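Peer 1: just need the structure, nothing else, for what follows:
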Amino acid sequence: MNSPVKSSSNRFLELDVLRGIAAFSVVLFHYTSQYATLFQHSSALWFYFAIGRHGVELFFMISGFVILMSLERTKRGLDFIVGRAARLYPAYWVAIALTSIVVAIAQIPTLQVTQIEGLVNFTMLHGFFKVPHVDDVYWTLQLELCFYGLMFAVYRLQWLKHIEKVVIVWLSIAAYLAFKTYTARWGTIVEVPEFSGRVGSMPLMVASSKLNFVAEIRDLFREAFLFKYAHLFTLGMVLYRMKQSGLTWQRGATIAVCILMQKIAYSSETNWETTLFVAAFVLVFHLALQGYLKWICTKPLIFLGTISYSLYLVHQNIGYAMIRSLYQINVDPNLSILVTTIAMMLIATGITFGVERPAMKWIRDRYELWKAT
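Peer 2: Alright, predicted model coming up:
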């Protein structure tokens with residue numbers, strides 16, 4: 001039996017565990033429900049884990065908590081930039097290379113990108129240019145970068161001490177846009193006529209082109225400011241403030257608004273499922289802050305949290321290729337998923353301790369030497 005591990009520093013171990021559980025939930029979702037949607041399993045599984053997709057909401061909440069905490073401890077802006085880059089990029093680059101090689105060998109056309117597209121992926125900014133992901137799980141990394149950028153701007157403007165007021169403005173805009181999109185379901189859909197190539201239609205074609213350009217700029221603005229996910233990042237930040245100085249009625253009201261915003265945040269959402277999960281995540285966070293979840297801080301779960309980033313990066317397309325290969329030699333689907341999950345955890349462990357951590361230490365050490373000169 002594994003007893004709870006006590007942190008030797010001020011590290012919030014429960015957060016590491018929750019991150020690991022969220023990553024593992026996403027893995028199970030992709031290998032069971034999502035694989036069935038994309039490729040079909042060779043036969044019925046013992047279980048499907050569709051709810052695992054909600055691990056992403058927990059990721060964003062954790063990010064809100066961690067980034068505000070990191071910036072409040074940051075003395076120089078460049079410290080934050082170097083720290084985040086050292087944390088994200090080395091493992092990400094290895095994951096891109098490994099995924100590209102495996103998918104090419106497996107010859108799964110639907111998962112492949114061109115060489116140029118693969119190279120652009122190395123920037124982690126490819127989504128802004130509509131370049132396909134080497135692995136579709138990378139979509140969350142673009143959002144993380146946007147959040148880092150927004151929070152860094154808040155830091156540089158010296159607004160961190162007013163962050164709770166800043167997020168009220170952010171939430172207000174996000175709520176307006178979400179409500180507008182949500183209620184549009186019951187509005188009138190305007191059909192846009194197709195334009196022929198005739199000379200007489202040229203002014204209309206030009207007008208249509210301008211409208212499309214304006215729409216693209218608007219969408220880019222919404223993506224950059226994360227209005228669709230503002231409530232999730234905000235929850236993490238408010239929970240961090242609660243950890244520092246307790247619950248106030250303003251914080252309670254902000255949390256309530258964020259939870260309710262989930263109902264209208266996703267235009268495809270038709271029920272309360274995700275909203276209930278977000279509410280449950282807030283409760284779990286609160287219990288952790290109160291010290292009631294120290295029992296989950298066992299070595300296996302802390303280890304899962306440690307490899308969670310690398311596991312998230314490599315599991316999907318490489319996992320799909322491995323499951324598909326095992327099916328081709330008639331391995332039971334349940335066993336195939338088990339074997340693939342173990343294999344991905346081993347690969348993630350190798351990347352974490354062979355690339356991610358050594359590279360992070362090397363970059364930070366070089367940076368400290370540079371600062372000292």
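
Peer 1: show me what contacts Thr275?
Peer 2: With contact taken as CB atoms under 8 Å, 6 or more residues apart in numbering, Thr275 is in contact with 259-260, 262-263. Quick note: C-beta positions are derived from backbone N, CA and C, even for glycine.

Peer 1: in the helix or strand harbouring it, what's buried?
Peer 2: Using DSSP states H and E, the element containing Thr275 is helix 273-289. For helix 273-289, a neighbour-count test (16 or more other CB atoms under 10 Å) marks 274-275, 277-279, 281-282, 284-286, 288-289 as buried.

Peer 1: next: stretch 364-373.
Peer 2: For stretch 364-373, the neighbour count (16+ other CB under 10 Å) marks Tyr367 as buried.

Peer 1: hmm, who's touching it?
Peer 2: Taking CB under 8 Å, 6+ apart as the rule, stretch 364-373 contacts 82-83, 86.

Peer 1: then stretch 24-38 to CSV, C-alphas only?
Peer 2: C-alpha atoms of stretch 24-38 as CSV (Å, rounded to 0.1, in the frame of the first residue of the first chain):
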residue,chain,number,x,y,z
PHE,A,24,-4.5,9.8,-18.1
SER,A,25,-8.2,10.5,-18.6
VAL,A,26,-7.6,12.1,-21.9
VAL,A,27,-5.5,9.1,-22.9
LEU,A,28,-8.3,6.7,-22.1
PHE,A,29,-10.8,8.9,-23.9
HIS,A,30,-8.7,8.8,-27.1
TYR,A,31,-8.0,5.1,-27.0
THR,A,32,-11.6,4.1,-26.3
SER,A,33,-14.3,6.5,-27.5
GLN,A,34,-12.3,8.7,-29.9
TYR,A,35,-10.6,5.7,-31.6
ALA,A,36,-14.0,4.2,-32.1
THR,A,37,-15.2,7.4,-33.8
LEU,A,38,-12.2,7.7,-36.1
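
Peer 1: shaky segments in the stretch 201-350 of the chain?
Peer 2: The model of the stretch 201-350 of the chain has pLDDT under 70 over residues 201-211.

Peer 1: mind listing what Phe147 touches?
Peer 2: By CB under 8 Å, 6+ apart, the contact set of Phe147 is 60, 63-64, 67, 226, 233.

Peer 1: got JSON lines for the residues you listed, with distance to Leu119, neighbour count and secondary structure too?
Peer 2: JSON lines is the format used below for these (distance: CB to CB, whole Å; neighbours: other CB atoms under 10 Å; DSSP: H, G, I helix; E, B strand; the rest coil):
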{"residue": "Phe60", "distance to Leu119": "28", "neighbour count": "25", "secondary structure": "helix"}
{"residue": "Ser63", "distance to Leu119": "27", "neighbour count": "22", "secondary structure": "helix"}
{"residue": "Gly64", "distance to Leu119": "31", "neighbour count": "25", "secondary structure": "helix"}
{"residue": "Ile67", "distance to Leu119": "28", "neighbour count": "23", "secondary structure": "helix"}
{"residue": "Leu226", "distance to Leu119": "26", "neighbour count": "22", "secondary structure": "coil"}
{"residue": "Phe233", "distance to Leu119": "30", "neighbour count": "27", "secondary structure": "helix"}
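
Peer 1: need the max-distance pair from those.
Peer 2: The distance between the two most remote of the contacts of Phe147 (CB to CB) is 12.1 Å, for Ile67 and Leu226.

Peer 1: closest one to Phe303 out of the buried residues of helix 273-289, please.
Peer 2: Using CB to CB, Ala288 comes nearest to Phe303 of the buried residues of helix 273-289, at 18.2 Å.

Peer 1: how about the contacts made by the nearest residue to that closest one once chain neighbours are set aside?
Peer 2: Excluding its sequence neighbours, the residue lying closest to Ala288 (CB to CB, 6 or more residues apart in numbering) is Glu14, at 4.0 Å. Taking CB under 8 Å, 6+ apart, we find Glu14 in contact with 288, 293-294, 296-297.

Peer 1: the stretch 1-150 of the chain: helices as residue ranges?
Peer 2: For the stretch 1-150 of the chain, the helices defined by DSSP state H, counting those that start in this stretch occupy 13-29, 35-38, 55-72, 77-106, 115-121, 139-156.
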